[in-house]
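> Only the shape, not the letters, is given here:
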């Protein structure tokens, strides 16, 4: 096969002159050629026979004869090599040369080419990236996946994009491919630096190394690639400055080094790349001003310099780029004015200049950009009024000018932009009324004008915008009433009119999910139509002048999560129907005139925040949900004992003051008086002792018999939920019968510490039994410590922790008795497609919140503090309502109760905090890391291991791309929670334990976070979430500050 390859290449490369032949010799040559061709076609039927024939004819003296025979020999070799992909057009390209020296010269050339091909094949195999072919010597390297060769068998293209090689880039010796034209190694997790030898690929036109983990500096030898058309190394960790030699790449059309760590200034020499169409330098560390030389790139379509540290003004030369379609300069420190000449860029469709230091007015020439689709000028210091010429942008879909110093009224010309979908002019100094022409914006979906000085009433024409989903007019001077809307099918989901002076109006919108009309002048009785808003989740009517009673129809709001009616004049009792709002987590009714007692049904609601202060309520304070984190019963007429439920001992007395007849364990309140029963009990022991001394001996033997008989009966009919009253051996006999001696049929799961069995007791109760693997029951020291630890765990009272009912300690085995969870583990639900779809976004968010609250309780409220050590999706169980309960709390501690063993590695691979690899010391921050993994796993629907290992190369991965694709995208309201969960998750995954938040701060953030996000999830990158500074580390604790950055709209 090697000989065949050599001769095939020889036939392609040999170019000999034809000698003069006589007419007779030429005819003889042709005849001999035809004879040989016919003979070969008949005889050659396999590669093996071709090879034998070649060897035979080579050794035959026939080929040492006359010159025509030499020609025939060449034809034979050419035809034989066809099965190997090396057939060449011999008769058209080879001139016959007579004599043996010519043949020797051709053989030398063929041998040289064969050696070069062998080097290419060797380089491919030695990289290890084509290991499938390492044992197959019969496959030509040109047939490897992603390899394309030229006619001579030399590699011209290598395409191994998105193969997740996760290897050193140096494994591939690129200098072995001198004819390479295209090289694509993108999205492979490659590490290392770009070799200087890349400059030897003089024929290279396309180079794509994006989405890897490459580091180091760019080699100056890149300037040797003068044929390069496309250059993409985005989403890596390249450092240093751009080499000046890049100015030599004059054929370049696409240049992308975004999402790296490149620093320094932008070289002026890049203005020589006049064939550039795309120029992307975003998300780096470039400093200094934009060079005016970039204005020479007149063919440019896309210029993206966003997310750097660029200073100075926008150079006027940029406005000469009249072919530019997208210009992004956001998130820099650019100052000065917006150039008047920007109106020359009439082909512009996207203009992003947000988060800079621009000053001065908006130029009227913006109106010349009639093809513009997206305009973002947020967070600058732009002043003056909005020019009426802005209405000329008839194709504009997204306009955002938040956080500036704009003054004057809204121009009526805004009504001309009939394609507008999003309009955001928050936090400026806009005055005057909302123009009537706004009703012409029939495509408008999101309208936000909060934080201004807009006055007048809300025009009814605004609701001609039939596509409107969100209205935010808060913090203005609006008056009058809300216009009556008679369409129950109106798509409006979100209305925020808080902090105005609106005095009334009806809102019969059946699709509303968020309604905030707090801090207004609403008066009269409670809105009667509120019960029809079955999708309402957040309702805030606080700080108004509402009178009358809370209607019972409030119970029809089954999706309601927060209800705030504080600071009104509401009277009457709290309706018992409010208990039908099962999702309610915040109920704020303070500063009203409520009377009566707290309805007992309210104890079924799992509140996180309850404020009933400053009313006229009476009766006892009920034992509400143990998940309460914030309560206030102050300044009422409550009496009796303050329940000894979780958290009350730690609440400040201010939450109960103003109730003179309360007693209990809260600091500052008197203890409750002892009843007559408590007084009598002091005399009972004396009488009992006397009786036992007189009659003890008589009844001693009788009591023994009676006790044994009683134990025998209780073994069959005893209640396992009072297992503390039994001896462990007796409980063991009950379990043997319930599980048929732990038969495999009753096993519902196996973990690192034991197997879980389902057992139905004779009384019908179902429990979960965790039979532990380890057999220390015979060790008396372990017996004592085991019981002490179990006792601590049984005193845990939190609604999101699986209740431990008891234990059984037997010489053969030991097990724990837990509350049974019908839906099993979260891990199993996420890995079952049908059940995963049932677990919608709100259920997933609630599972994450519940887990956070449970961990916060154990870390900060429990005595003693208990670290879980194994927070995984397998240890989060779901009941029939898909509510979350953390299980196996303290199991690791139980099994390693000796403090000397607390440094042993605990946890599950994939959830263990990185510091345990070298410190082996488990702390609360170890649980925080594991919680972050679980939270991402819930959002993604799978373990985030692949994402976590490629965080450095995830700069272009957007948040919506990692979400579980089995669910539809979250709506705007739910997206707020998803965004918050993702931001907190990445903060929990910080490498340094001290940089992670505490579970207490995470829990509190989930309780208090109410900021809606404006931008969609597809505009939030994972890289930004990971690198945002959301937590500030103090001396003793990490405090959450909140993820509050905004990002631009998705490119149109």
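That came in fine, so what should we check first? Just so it is clear, the model here is predicted, and its values are computed rather than measured.
> where exactly do the strands run in the stretch 151-300 of the chain?
Taking DSSP state E, counting those that start in this stretch, the strands of the stretch 151-300 of the chain run over residues 155-159, 182-184, 206-208, 230-232, 254-256, 263-264, 278-280, 285-286.
> Turn those strands into TSV, including distance to residue 742 and mean pLDDT.
Where you see a C-beta, it was placed from the backbone N, CA and C, and this is true even at glycine. Output for the strands of the stretch 151-300 of the chain, formatted as TSV (distance: least, CB to CB, whole Å; pLDDT from 0 to 100):
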stretch	distance to residue 742	mean pLDDT
strand 155-159	56	94
strand 182-184	57	96
strand 206-208	58	97
strand 230-232	60	97
strand 254-256	61	97
strand 263-264	64	96
strand 278-280	63	97
strand 285-286	62	96
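> closest to residue 323 out of the ones you listed?
strand 278-280 (11.8 Å; CB to CB).
> Does anything pack onto the closest one? Which helices or strands?
strand 254-256, strand 302-304 (3 or more CB pairs under 8 Å, 6 or more residues apart in numbering; DSSP states H and E).
> Recalculate using a threshold of 10 Å.
strand 230-232, strand 254-256, strand 302-304, strand 326-328 (3 or more CB pairs under 10 Å, 6 or more residues apart in numbering; DSSP states H and E).
> Let's have these in JSON lines, adding mean neighbour count.
What follows is these, written out as JSON lines (neighbours: other CB atoms under 10 Å):
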{"stretch": "strand 230-232", "mean neighbour count": "21"}
{"stretch": "strand 254-256", "mean neighbour count": "21"}
{"stretch": "strand 302-304", "mean neighbour count": "21"}
{"stretch": "strand 326-328", "mean neighbour count": "22"}
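> how about those in TSV, adding distance to residue 1023?
As requested, the helices and strands packed on strand 278-280 are arranged in TSV below (distance: least, CB to CB, whole Å):
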stretch	distance to residue 1023
strand 230-232	17
strand 254-256	15
strand 302-304	15
strand 326-328	16
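> out of these, which comes closest to residue 908?
Here strand 230-232 is closest among these (CB to CB), at 38.4 Å.
> Pull the distance from the closest one to the chain's centre.
Offset of strand 230-232 from its chain centre (CA atoms, centre = their mean, to the nearest Å): 28 Å.
> try stretch 424-441
Chain-centre distance of stretch 424-441: 35 Å, with CA atoms, centre = their mean.
> buried ones in that stretch?
Within stretch 424-441, the residues scored as buried using 16 or more other CB atoms under 10 Å are 424-428, 430-431, 434-435, 437-441.
> Now intersect the residues you listed with the strands, please.
Counted as lying in strands by DSSP state E, out of the buried residues of stretch 424-441, are 424, 430-431.
> What's the local residue count around residue 584?
Other residues near residue 584 come to 24 when the count uses other CB atoms under 10 Å.
> what does residue 653 give?
By the criterion of other CB under 10 Å, residue 653 has 11 neighbours.
> so how far is residue 1000 from it?
Distance of residue 653 to residue 1000, computed by CB to CB, to the nearest Å: 21 Å.
> try residue 496
Distance, residue 496 to residue 1000, using CB to CB: 30 Å.
> can you check residue 991 too?
According to CB to CB, residue 991 and residue 1000 sit 21 Å apart.
> What of residue 280?
42 Å.
> next one: residue 423
Distance, residue 423 to residue 1000, using CB to CB: 40 Å.
> do residue 527 as well
38 Å.
> do the same with residue 638
28 Å.
> pLDDT weak spots in the stretch 751-900 of the chain?
Residues of the stretch 751-900 of the chain that meet the criterion pLDDT under 70 lie in 751-754, 773-789, 791-792, 810-812, 862-863, 889-900.
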